[in-house]
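Q: Okay, sequence plus prediction incoming.
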Amino acid sequence: MRLTVVGCSGSYPGPDSPASCYLVEAEHDDRTWRIVLDLGNGALGALHRYADPLTIDAVLLSHLHADHCIDLTSYYVLRKYHPTGARPPIPVYGPDGTPGRLARAYDLPKSPGMTEEFTFHYYPAGSFTIGPFTITAPEVAHPVPAYAMRIEADGRTLTYSGDTGVCPSLVDVARAADLFLCEASFVEGGDNPPDLHLTGLQAGQMATEASVRSLVLTHIPPWHDAQVILAEAATSYDGPLELAEPGKTYEV
């Protein structure tokens, strides 16, 4: 299983990175399966560098804030109007209300909205599969419905936090993960609202409690010094630790 960071800027695109987007790939049935975790502002353009967007098998949205979903409107255009012809719809998983949110964002009527390009699904209570991937997506702490994702393939486990505050479900979904891709949007000592984002210290604490094998910090807004957040995490997690970088690929 391979993880490629397409975009990792927190809350809005930064000078060096689009907003949240991650490409996950694995080999199965004599081909490469590809799923995309989130598709935030500016991410679709960057995705072209790492995979043909027409070869994506599914998109999984952690929640419906623009920095995690809004480029699905551009992806709708690509799939609908590509000169080689419209493609069959692919699955898009997200919170309740995803089809309407995206239709409004592109000023489409609610019906058909984007349902001819995407088959929309809500996250089930248990696990589900897409090709070689087994996915579990529990709800986490955020002002809107939001989900973390545990992705298992080839005997390995990747967990993506999405956007979240400290919560037990985040620890559960990250338990013993080989790679924990965890947001760290706040710094310690600020007037940080609860149940919104994690500090670097808190991300490290969640990783330690979950006994993950490695931690990659992501979703750091451009207004923060990422090295400060990395140093905070190093005080609460003593395993392999680094910052997400656009274009970097990890063999999970």
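A: Okay, I see it. Numbering: from 1, shown residues only.
Q: In three-state terms, how would Gly45 be classified?
A: Per DSSP: H, G, I helix; E, B strand; the rest coil, the local secondary structure of Gly45 is helix.
Q: same deal with His68?
A: Assignment for His68 (three-state DSSP): helix.
Q: what sits against it?
A: 19-20, 38-40, 61-62, 162-163 (C-beta atoms under 8 Å, 6 or more residues apart in numbering). No exception for glycine: its C-beta is placed from N, CA and C like everyone else's.
Q: tell me the strands in the stretch 151-252 of the chain, going along the chain?
A: 156-160, 179-183, 215-218, 241-243, 249-251 (DSSP state E, counting those that start in this stretch).
Q: Could I get those in a markdown table, plus columns for mean neighbour count, distance to Met149 and mean pLDDT?
A: Output for these, formatted as a markdown table (neighbours: other C-beta atoms under 10 Å; distance: least, C-beta to C-beta, whole Å; pLDDT from 0 to 100):
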| stretch | mean neighbour count | distance to Met149 | mean pLDDT |
| --- | --- | --- | --- |
| strand 156-160 | 23 | 5 | 98 |
| strand 179-183 | 28 | 9 | 99 |
| strand 215-218 | 26 | 13 | 98 |
| strand 241-243 | 17 | 20 | 98 |
| strand 249-251 | 13 | 15 | 98 |
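Q: Redo the ones you listed as a markdown table? Include distance to Met1.
A: As requested, the strands of the stretch 151-252 of the chain are arranged in a markdown table below (distance: least, C-beta to C-beta, whole Å):
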| stretch | distance to Met1 |
| --- | --- |
| strand 156-160 | 5 |
| strand 179-183 | 9 |
| strand 215-218 | 14 |
| strand 241-243 | 18 |
| strand 249-251 | 8 |
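Q: right, and those - which one's nearest Trp33?
A: The closest of the strands of the stretch 151-252 of the chain to Trp33 is strand 156-160. By C-beta to C-beta, the value is 13.8 Å.
Q: chain center to that closest one: distance?
A: Centroid separation for strand 156-160 versus its chain: 11 Å, with C-alpha atoms, centre = their mean, to the nearest Å.
Q: Which elements pack onto it?
A: strand 149-153, strand 179-183 (3 or more C-beta pairs under 8 Å, 6 or more residues apart in numbering; DSSP states H and E).
Q: what about Gly200, how many residues close to it?
A: 31 (other C-beta atoms under 10 Å).
Q: ugh, wrong one, I meant Pro99
A: Neighbours of Pro99 using other C-beta under 10 Å come to 20.
Q: Pretty sure it sits in a strand.
A: No - counting by three-state DSSP, Pro99 is not part of a strand but helix.
Q: Tell me how far it lies from Leu61.
A: 11 Å (C-beta to C-beta, to the nearest Å).
Q: Show me which residues of stretch 170-179 are buried.
A: Residues of stretch 170-179 classed as buried: 170-171, 173-174, 177-179 (neighbour count, 16 or more other C-beta atoms under 10 Å).
Q: mind listing the strands in the stretch 1-150 of the chain by residue range?
A: According to DSSP E, counting those that start in this stretch, the strands that the stretch 1-150 of the chain contains are 2-7, 21-28, 31-39, 58-60, 90-94, 118-122, 128-130, 133-136, 139-140, 146-147, 149-153.
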